[in-house]
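>>> Okay, sequence plus prediction incoming.
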Amino acid sequence: MRVFIAEKPSLAAAIFKGLGGNPDTQKKDGYYQHGQDVVTWCLGHLLALCDPEDYNIEHKKWTLSYLPLTTVYPPRMKPRKGAEKQLKVVLNWIGKADSIVHAGDPDPEGCLLVDEVLTYAQNTKPVQRVLIADLNDKPVKAALANLQPNEHFQPLTQKALARAVADQSFGYNLTRAYTLKAREKGFDEVLNIGRVLTAMIGMINERTLANLNHQKSFYYELFGHFELGGHIIKGKLMPGEEFELDDKGRMISSLEVAATKEADTGAKANISDIEQKTETRQPPMPFNLSKLQIEASKRWGYKPKEVLDALQSLYEKHKLLTYPRSDNQYLSDAHLENRDSILSAIKGTLSHLSEAIDQAAPTSNHKSFNASKIEAHHAIVPTEKSGAGIELNERERNLYELVAKRFIALFYPGSVRDKVALDVTCTGRCYRATQTTLNKQGWEVLFKGEHQDEPNQNALDLASLTKGTEGTCTQVDMEQRETKPPKYFDDASLLKAMTQAAKFIKDPELRKTLEAKDKDTAGENGSIGTEATRSGHIEKVGKLTHLVSLGKEKGYKNPVYKTTEAGQEFCALLPDEIVRPDISAIWEGSLDKISKKQLNIESFLHDVNQYIHNQVEHVKTRGVPFVKRNGITCPTCQQGTLIKRPGKHGPFHACNRYPDCKTTFPDDNGQPNLNPKPRQNATPSTEEFCKQCGNPLVRRPGKKEGSFWWGCSGFPQCKVRFFDQDGKPDRDRGEL
């Protein structure tokens, strides 16, 4: 018996159909069966790494005494909550199988989530691998006819496992250590520290501080108007070294600018150079996930997770797009061969694109058709299935059309522009006039109005003028401009920054290491996170409201991210390599070696452990330079600070020295209500005792004002309770 283990139910259904089964009528409880083939599925990860308390129950409570926790390898796994039933089904079929086909998604995480189940089951059966990126019948059957040995993909599994184990240990240790030390200073929130998450907060903080510390200043531009050969030409001064310039080469001295304006007005001038060239812009590359999320955010303000969810629906439910979590922008020769059927499917889905499709070339030599650039995934493109009769929601339709137009554009010629740069020399200074003329629209006809050039300042065709023509500068205009700080991040720009995170690394060698991992990935340059995880990271950052604020800002179309005062302090107290993507760069070099069988996981984790140990010991010894929050001193112990905490019946305020001080106060509009007496543990009676266990009884206030009840101090082992009668337990009425 052959057992297929798919990453998700939709993939399992596609495989079962490709094997000749009918998933609509032959579905069992957690699997399909067709002859000697069984197809079962995971629900994403069926297993999770065990938590510290799974190894030692004492580690459930956060204390500094047991830190740092040593990374365990090989790790213990446990059923993921909610996946126990399906895990049991999969394990059952693994036990019955003669051979197994691994059908996880074609990436490191997809390799891991099936392989970890096989390891958990202690499988010894032979395992093959099937790679499926399109859930329609034809590509599924082609993939099923091309099974490969699973051992070829083990390095990817090892890479994903190493990253997961290291990330868990890094996060658990540093989050607990820094949070506990910050609480000693009165900070009551959790300081979430993660390799990718904290680097993202660091990026946001750097941009926030650049805005807060921005000093308004001015720079100047000069525009000369020249009478040359009977024509008036306008050109911009190209300032040389004789001017005081800022780091962007802009003039910043108003005195120099004023003197230049006066000197050049009325002076002789001549055309010193004319340069003409033709610029051809090729159609853009097809989308990977990040590029598509960035574009959708710019156009419609969609959040990255909203885009991913819609793409998953177009892939799994409607089968109109290929695998969405792709990091690749290249296509195989098969996509070129299937050009007609893909374009026909687009016609059926979006009839208004029919004319554009009819005008597409029969073939393409676009650079995106390069199978050598494809490892696990290819770019996101439409499938050969028509969406005629399928009702798509607005978001799905918008995204499908965006992907479809990118594919159609590959069969259009490049757009052509004629460009002219004309230099005018006046008093030894150079004024430049430029002109761009769209000659052939090419693929840009598909995106009407979306690729506008800067308006030309001269109506005259500059190419018609002659070098050496002499004339006069009739006037010089001065424009004063205000410097602007770098823009705050929104979803699109933060996602883009994650794909180009290496530029935030100061060390040039480390920067090169992170950049190297993306050398074959178009548009990425030292990225952090993966296509599958970036949208989740962005969503999580937005929820860390004590460190990051997300809201509307004047002058911005979409909400922007800023660090709060606590977030700025958080970034300041952490080592630079954690707040920047340095750790990712260091790890990436090792993970790349693991994927190439040049390094084993144990060696990598040894280095990770050593770093974590040093960091934890440092913070335990030196503490954190957190400024004490302006909280209220605990009136009971006079040492701690009252901090707001969530409770079963709403927020309350408690002393941060708990459990040494157990003082609490009710919440009153965000502030502790100090009028009632501090809530302390009720004092056990010295007169009333429980007849079941012998422990003293405790008189406690009831929900109604002025009411009381009695309970055993041995709770929860003993749950005896009585009504109160005149300050005594009412034993006659019996237990509550």
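Happy to help now that I have it.
>>> Which parts of the stretch 501-650 of the chain are helices?
Ranges of helices within the stretch 501-650 of the chain are 508-516, 534-543, 565-573, 576-579, 582-595, 601-622, based on DSSP state H, counting those that start in this stretch.
>>> now the stretch 401-550 of the chain, which segments are flagged as low pLDDT?
Where the stretch 401-550 of the chain drops to pLDDT under 70, the residues are 520-524.
>>> and the closest residue in space to Thr683 that isn't next to it in sequence, backbone torsions?
Nearest residue to Thr683 in three dimensions, chain neighbours excluded: Val698, at 7.3 Å (Cβ to Cβ, 6 or more residues apart in numbering). To be clear about C-beta, it is placed using only N, CA and C from the backbone, and glycine gets the same treatment. For Val698, the backbone dihedrals are phi -130, psi 130 (criterion: degrees, to the nearest 10).
>>> Now for Val698: which residues touch it?
Neighbour list for Val698: Ala682, Thr683, Pro684, Ser685, Trp710, Gly711, Cys712, Ser713 [criterion: Cβ atoms under 8 Å, 6 or more residues apart in numbering].
>>> Considering the residues you listed, which possesses the most neighbours?
Trp710 (25 neighbours; other Cβ atoms under 10 Å).
>>> Give the helix, strand or coil label for that residue.
Three-state assignment for Trp710 (DSSP: H, G, I helix; E, B strand; the rest coil): strand.
>>> Which pLDDT value goes with it?
For Trp710, the model assigns a pLDDT of 87.
>>> got the contact list for Val307?
The contact partners of Val307, by Cβ under 8 Å, 6+ apart, come to Leu292, Gln293, Ala296, Ser297, Arg395, Leu399, Ser535.
>>> Could you rerun that using 10 Å?
Neighbouring residues of Val307 by Cβ atoms under 10 Å, 6 or more residues apart in numbering: 289-290, 292-297, 300, 324, 395, 398-399, 491, 495, 535.
>>> Now name the helix or strand holding Leu197.
Here Leu197, judged by DSSP states H and E, is contained in helix 195-212.
>>> Tell me which helix or strand comes right after that helix.
Counting by DSSP H and E, what follows helix 195-212 is strand 218-228.
>>> can you pull the buried residues of that next one?
Neighbour counts over strand 218-228 (16 or more other Cβ atoms under 10 Å) mark Tyr219, Tyr220, Leu222, Phe223, Gly224, His225, Phe226, Leu228 as buried.
>>> ends of stretch 527-539, how far apart?
18 Å (Cα to Cα, to the nearest Å).
>>> so which of the helices of the stretch 501-650 of the chain gets nearest Lys181?
Taking Cβ to Cβ, helix 601-622 is the member of the helices of the stretch 501-650 of the chain nearest to Lys181, at 5.5 Å.
>>> pLDDT (mean, whole number) over the closest one?
The model assigns helix 601-622 a mean pLDDT of 95.
>>> Going forward, count from 118.
Okay, residue one is now 118; in that scheme the one you just asked about reads as helix 718-739.
>>> Okay, angle between it and helix 699-712 too, please.
With axes from the mean of the first three to the mean of the last three Cα atoms, to 10 degrees defining the directions, helix 718-739 sits at 160 degrees from helix 699-712.
>>> And for the residue nearest to the spatial centre of the chain, nearest residue in space, chain neighbours not counted?
With distances taken as Cα atoms, centre = their mean, the chain has Arg651 as the residue nearest its mean C-alpha position (2.2 Å). Take Arg651 and drop its neighbours on the chain: the residue closest to it by Cβ to Cβ, 6+ apart is Met615, 5.5 Å away.
>>> Can I take it that the one you found is in a strand?
No: counting by three-state DSSP, Met615 is located in no strand; its state is helix.
>>> looking at it, it is touching Leu406, isn't it?
No: look at Met615 against Leu406 with Cβ atoms under 10 Å: they stay out of range, at 11.7 Å.
>>> what residues do those two have in common as contacts?
In contact with both Met615 and Leu406: Pro421, Thr647, Arg651, using Cβ under 10 Å, 6+ apart.
>>> Sounds good, over and out.
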